[in-house]
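In: All I have is the shape, not the residue letters:
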C-alpha cells in the first residue's frame, strides 16, 4: 500500500508543479517526466515529496568515492571570467564551491566561485528536502554530453535504494530532452537512470542532502578510466535497430558531408565517399539517425572510419566494441593535440588509427571546429590501406582540380557564415 501512496504523492507533486507553470511560473519544459528546480514549483514538490523519504535517509555506509553533503546551495552555471563556468554546488554556510563537485577537464577545474550577486537571495531559497545524487554537468551537445556528462553516474546503482533524484547543472548547448530520438533520454534510459527522477538545476535552490560521486570520466580521464566506470557503462542496454540501407554493413564510413554548411568539414569529402563505397563501405550520416540506430551500426561493424567529430563519442557507450576504428582529422588547432579525440578508444583497449592529412584550412574568424579544411585524400587512402582498412589507394584524387575544389568550397563556406559577426570582424581586419 505504501508503494502506491508514494507513487501517488510523486504524481501529485508533479501535477501541482505543472499547475504552477500554467499560471505563469515557467518550468522550462513541457515534459511532465522531468523535474526542474524552479523556485515555487520546487517548494511544492519538496513538501509533497517529503512523504517519500525521511530527512536522514542517507545510508551510513557508502562507497568512499561518494561524499555526503548537507545544506547545499545550487547556483546555475553561467560563463566564467577565468574558467569555463561560474557557479555550481556551494557549501550552504561558507558559500564556497564544493571541491568534490567541481567538473575537471584534464585535471583542471572548470568552475569558479559564483558571482556574489547570485547569492543575495540565498537565505530565502526554496529547499529540496529529498536525497539528491549529483550527476555533474549535463551538456546539450552530443559529443560533450557523452564524454563529460556520464562520469558521476556510476554511483546511481549503489544508491538506487534511496530512489534519489539525479541532479545536473545544464552546461553547453540547448538541452533537448524531449522525444525518444533525443540522445540524452536514450543514454540515461539505457544506463538505468529514470527520467522522472532527473532534476535540472537551472534556478537557485537549497538542497538538504546531496551525494557527490567522484568524477570518473571526461577529458583526461577517458584515456584510463577506472574499472568501476567501465563496468557501469558495460551495463548500458538499448534496442537494436538497423537503419535502412545499412543492413549487413561490416565496413562503415561516418561522414560529415551532409551537415549544414556552417559546421566544420573537410573539402571534397563526397569524392572520398565514392572511393570508399568502391572499397565496400556503407556511408552513415549520423545526424539522420537516433543514437540507438548509430550504436546498432557500430556494434555490427568490423571496420569503422570516422571523419573526426562528435559522432565518434557515441562509442563511449560501447566499451566492448569489436570493430577496428580509424579517425580522419578534419582540422588543425595549435592550442590542442587533436589526436586526443581517440583517447576514449585507447581507454577501452580498442584498436584505433589516427590519420592527419590536413594541408590547410579556412575558418574566417570562427573556431577551428567550424573550419573547412583541405585534406590530402590520397594520403588518407594510403594510410587506410597500410592499416588494413582498404585494399587500394584513392588514385582518382590525382585527377581532381584542387584549386577549383577549394574555390567552390570556400565560396560555399563564406555564404554559410556570412551573417556570423565573427566573420564580419574577420573581414574588417583585411586591407587591400
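Out: Alright, I've got the coordinates. Please read all numbers here as calculations on a predicted model, not as lab measurements.
In: per-residue pLDDT, residue 293?
Out: Residue 293 carries a pLDDT value of 96.
In: need the contact list for it.
Out: Taking CB atoms under 8 Å, 6 or more residues apart in numbering as the criterion, residue 293 is in contact with 241, 242, 243. For the C-beta atoms, the positions are set from N, CA and C on the backbone; glycine is no exception.
In: Now with 10 Å, please.
Out: 181, 186, 238, 239, 240, 241, 242, 243, 244, 246, 284, 286 (CB atoms under 10 Å, 6 or more residues apart in numbering).
In: from those residues, which is closest to residue 69?
Out: residue 186 (30.4 Å; CB to CB).
In: The closest one: how many residues sit nearby?
Out: 21 (other CB atoms under 10 Å).
In: In the helix or strand where it lies, which residues are buried?
Out: Using DSSP states H and E, the secondary-structure element containing residue 186 is helix 183-190. Applying a neighbour-count criterion of 16 or more other CB atoms under 10 Å, one finds 183, 184, 185, 186, 187, 188, 189, 190 buried in helix 183-190.
In: From residue 265, how far out is the first one?
Out: Residue 183 sits at a distance of 20 Å from residue 265 (criterion: CB to CB, to the nearest Å).
In: can you give me the helices in the protein?
Out: Counting by DSSP state H, residue ranges of the helices within the chain are 2-22, 39-49, 142-148, 183-190, 227-234, 269-278, 291-300, 343-347, 377-386, 402-417, 421-428.
In: any idea how far the residue lying closest to residue 350 once chain neighbours are set aside is from residue 352?
Out: Nearest in space to residue 350, with sequence neighbours left out and distances taken as CB to CB, 6 or more residues apart in numbering, is residue 321 at 5.8 Å. Distance, residue 321 to residue 352, by CB to CB: 10 Å.
In: which residues do those two both contact?
Out: Once CB under 10 Å, 6+ apart is applied, the residues that residue 321 and residue 352 both contact turn out to be 304, 315, 345.
In: now those in a markdown table, with neighbour count?
Out: Output for the shared contacts of residue 321 and residue 352, formatted as a markdown table (neighbours: other CB atoms under 10 Å):
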| residue | neighbour count |
| --- | --- |
| 304 | 25 |
| 315 | 23 |
| 345 | 23 |
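In: What is the nearest of the residues you listed to residue 389?
Out: Minimum separation from residue 389 among these (CB to CB) is found for residue 304, which lies at 9.2 Å.
In: How about the contacts made by the closest one?
Out: When contacts are counted by CB under 10 Å, 6+ apart, residue 304 is found next to 249-254, 281, 284, 297-298, 312, 315, 321, 323-327, 352, 389.
In: Let me know whether residue 314 touches residue 254 as I believe.
Out: Yes: counting by CB atoms under 10 Å, residue 314 sits close enough to residue 254 to count as a contact (9.1 Å).
In: so what sits against both of the two?
Out: Taking CB under 10 Å, 6+ apart as the contact definition, residue 314 and residue 254 share the neighbouring residues 286, 294, 297, 298, 306.
In: number of nearby residues for the last one?
Out: This points to residue 306. Residues near residue 306, counting by other CB under 10 Å, number 26.
In: Quick check: the residue nearest to residue 350 vs residue 219, distance?
Out: Using CB to CB, one gets 20 Å for the distance from residue 321 to residue 219.
In: Repeat that for residue 126.
Out: Where residue 219 is concerned, residue 126 sits at a distance of 34 Å (CB to CB).
In: swap in residue 238?
Out: Residue 238 sits 25 Å away from residue 219, taking CB to CB as the criterion.
In: what stretches of the protein score poorly on pLDDT?
Out: Residue ranges of the chain with pLDDT under 70: 1-60, 118-123, 173-181.
In: With adjacent residues omitted, what lies nearest to the residue positioned nearest the centre of it?
Out: Taking CA atoms, centre = their mean, the centroid of the chain lies closest to residue 145, which sits 1.1 Å from it. Computed as CB to CB, 6+ apart, the closest residue to residue 145 that is not its neighbour in sequence is residue 139, at 4.4 Å.
In: tally of neighbours for the one you found?
Out: By other CB under 10 Å, the residues close to residue 139 number 21.
In: same check, this time on residue 421
Out: Counted with other CB under 10 Å, the neighbours of residue 421 add up to 8.
In: Isn't it up against residue 364?
Out: No: shown here, residue 421 and residue 364 do not form a contact pair, counting by CB under 10 Å, at 11.7 Å.
In: what about residue 86, distance to residue 124?
Out: Distance of residue 86 to residue 124, given as CB to CB: 21 Å.
In: Tell me which of the two has more neighbours.
Out: More neighbours surround residue 86 than the other of residue 86 and residue 124, with 20 against 9 (other CB under 10 Å).
In: Name the nearest residue to that one, ignoring sequence neighbours.
Out: On the basis of CB to CB, 6+ apart, the spatially nearest residue to residue 86 that is not a chain neighbour turns out to be residue 80, at 4.1 Å.
In: OK, contacts around that neighbour?
Out: 86, 87, 110, 111, 112, 113, 114, 115.
In: Ok, residue 328 next?
Out: By CB under 10 Å, 6+ apart, the residues touching residue 328 are 253-254, 256, 266, 269, 272, 305-309, 353-358, 375, 377, 380, 383-384.
In: Against residue 270, how distant is it?
Out: The gap separating residue 328 from residue 270 is 14 Å, by CB to CB.
In: which stretches of the stretch 151-300 of the chain form strands?
Out: Using DSSP state E, counting those that start in this stretch, the strands of the stretch 151-300 of the chain run over residues 165-170, 198-200, 205-213, 251-254, 265-266, 282-284.
In: and of the ones you listed, who's closest to residue 152?
Out: Using CB to CB, these put strand 205-213 closest to residue 152, at 4.3 Å.
In: could you give the angle of the closest one to strand 165-170?
Out: Orientation check (axes from the mean of the first three to the mean of the last three CA atoms, to 10 degrees): strand 205-213 against strand 165-170 gives 100 degrees.
In: who does strand 205-213 touch, helix- and strand-wise?
Out: Counting contacts by 3 or more CB pairs under 10 Å, 6 or more residues apart in numbering; DSSP states H and E, strand 205-213 packs against helix 39-49, strand 66-79, strand 85-91, strand 127-128, strand 132-138, strand 165-170.
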